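**Q** model the following, please.
(one chain, ligands or ions: 2)
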Amino acid sequence: MEQLVECKDKIHSCSKCGLCQSVCPVYQVTGNDCTVSRGQFIMLRGLIKGDLKMSSKINRYLDLCLKCGACTRFCPSGIDVVDIIVKAKSAYFKLHPEERFVSFLLRTFVFGLGVKLTGVFSKNIKSKKFDKKVVYFGGCGAELKGNSSVVSILNSCGIEVVTPEFECCGIPFLMRGDFESFNKYLRNFVEKLKQTGISEIVTTCASCEKTLKDYSKWSDDGFLKEIKVRNIFEYIRENNLQPELDKHRKVTFHKPCNINNFEDIEWVLNNTKNLEYIQMNGFDKCCGLNGISKVSEYKIMSKIFKNKRNDILSSGAKTVLTSCLGCEIALNLYSFGKYRVYDFADFLGKYAKKN
Ligand code: SF4
Ligand code: SF4
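**A** Ligands and ions are numbered 1, 2, ... in the order given. Here you go, the predicted model:
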């Protein structure tokens, strides 16, 4: 509870203006104030005061939050809602041994054995040598995606790519409020990064990007203040690369919640030859990824998925580009074969004109 109590002043700074309701994808389908930051803060105040006890009912509301951060971007009081929600999740986590067991299963089988056996983490990528070097963090599934494309983009900018054998960035554990596991992944990352002697990191996954950028919030290791995390679009624009596709292709783009430089993405889309970019309605609305595992909330989550799907279909594009493995998986899952979703770098690797 201590970490939640430390947020007391931030929680009290909520003016209850209700502006968060206008952007929260969950509130928009439930109409229930307990599913948006304003209502959640009222519950959390009750918890801190001792008027309420942490319960599975409160945890259900914390879990319904997609951690998309849309409310934070809109909040006149500038409250970092996701940080507060994960701290509240941590209070629940500590009180419930079954939550530990789920984390143990995730650590051991999904992000341990599963990752090792499938070899989905990027490693030993062949890169040309240059004086300027960056570390590539592709995240889980990087090996399944456009690693070689990332390397060729960066090599054509005169940058060498170094790829240590990283593990998960830890975001699945942070979102569960399991700070102990999250910190293990954080320390593992820092140790491997220090060994490279490089402090600039490139990612192709918006969720990993945000997690790495936020590491210094959760750890007092001074080295974290020195690291610079950037996404692939920044390099493409900065170096005025104007890739060309093999033929005319019409696409739309889903902006992951954790991307803060959409202007770079738009520049890249508009400067890729043979690519026709159509901006869909709600291009920046959450895909609902965090709701995918919530089978018990299927009714609520399916409305969120359906809204996104309708926006994609109305754009008329059969190809959706994005830059987050989670969004890619979620959007592909409910496409029902009507469109195909690609990571942008992966898409370039497949369809860029070969010289
Ligand atoms: S927008 Fe911010 S200040 Fe307004 S009700 Fe929501 S959380 Fe509170
Ligand atoms: S983080 Fe997203 S889902 Fe959660 S309360 Fe804010 S807008 Fe709603």
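**Q** once you drop chain neighbours, what's closest to residue 193?
**A** residue 135 (6.3 Å; Cβ to Cβ, 6 or more residues apart in numbering). C-betas here are computed from N, CA, C, even on glycine.
**Q** ok but the one you found is inside a strand, no?
**A** Yes. Assessed with DSSP: H, G, I helix; E, B strand; the rest coil, residue 135 lies in a strand.
**Q** dig out what it forms beta bridges with.
**A** When assigned by DSSP bridges, residue 135 has beta-bridge partners residue 162, residue 201.
**Q** name all residues that make contact with it.
**A** 161, 162, 163, 164, 193, 196, 198, 200, 201, 202 (Cβ atoms under 8 Å, 6 or more residues apart in numbering).
**Q** now do it against residue 93, distance only.
**A** 31 Å (Cβ to Cβ, to the nearest Å).
**Q** flag the helix or strand of the protein with the lowest per-element mean pLDDT.
**A** helix 115-118 (a mean of 68; mean pLDDT, DSSP states H and E).
**Q** centroid-nearest residue for this protein?
**A** For the chain, the residue nearest the mean C-alpha position is residue 207 (2.0 Å; Cα atoms, centre = their mean).
**Q** please report how far it lies from ligand 1.
**A** 22 Å (Cβ to the nearest ligand atom, to the nearest Å).
**Q** contacts only, for residue 355.
**A** Residue 355 neighbours (Cβ under 8 Å, 6+ apart): none.
**Q** flag the shaky bits of the protein, pLDDT-wise.
**A** 114-115, 117-124, 141-146, 291-295 (pLDDT under 70).
**Q** next, give phi and psi for the closest residue to ligand 1 within the stretch 51-200 of the chain.
**A** Closest contact between the stretch 51-200 of the chain and ligand 1, by Cβ to the nearest ligand atom, is at residue 75 (3.2 Å). Dihedral pair for residue 75: phi -70, psi 120, per degrees, to the nearest 10.
**Q** residues of the protein that sit close to ligand 2?
**A** 23-26, 36-37, 65-71, 81-82 (Cβ under 6 Å from any ligand atom).
**Q** thinking again about what came up before, just the buried ones among the contacts of residue 135, please.
**A** 161, 162, 163, 164, 193, 198, 201, 202 (16 or more other Cβ atoms under 10 Å).
**Q** am I right that the fourth one falls within a helix?
**A** No. If the criterion is three-state DSSP, then residue 164 is coil and not within a helix.
**Q** OK, contacts around it?
**A** 123, 135, 192, 193, 195, 196.
**Q** how about 6 Å then?
**A** Residues counted as contacts of residue 164 (Cβ atoms under 6 Å, 6 or more residues apart in numbering) are 192, 196.
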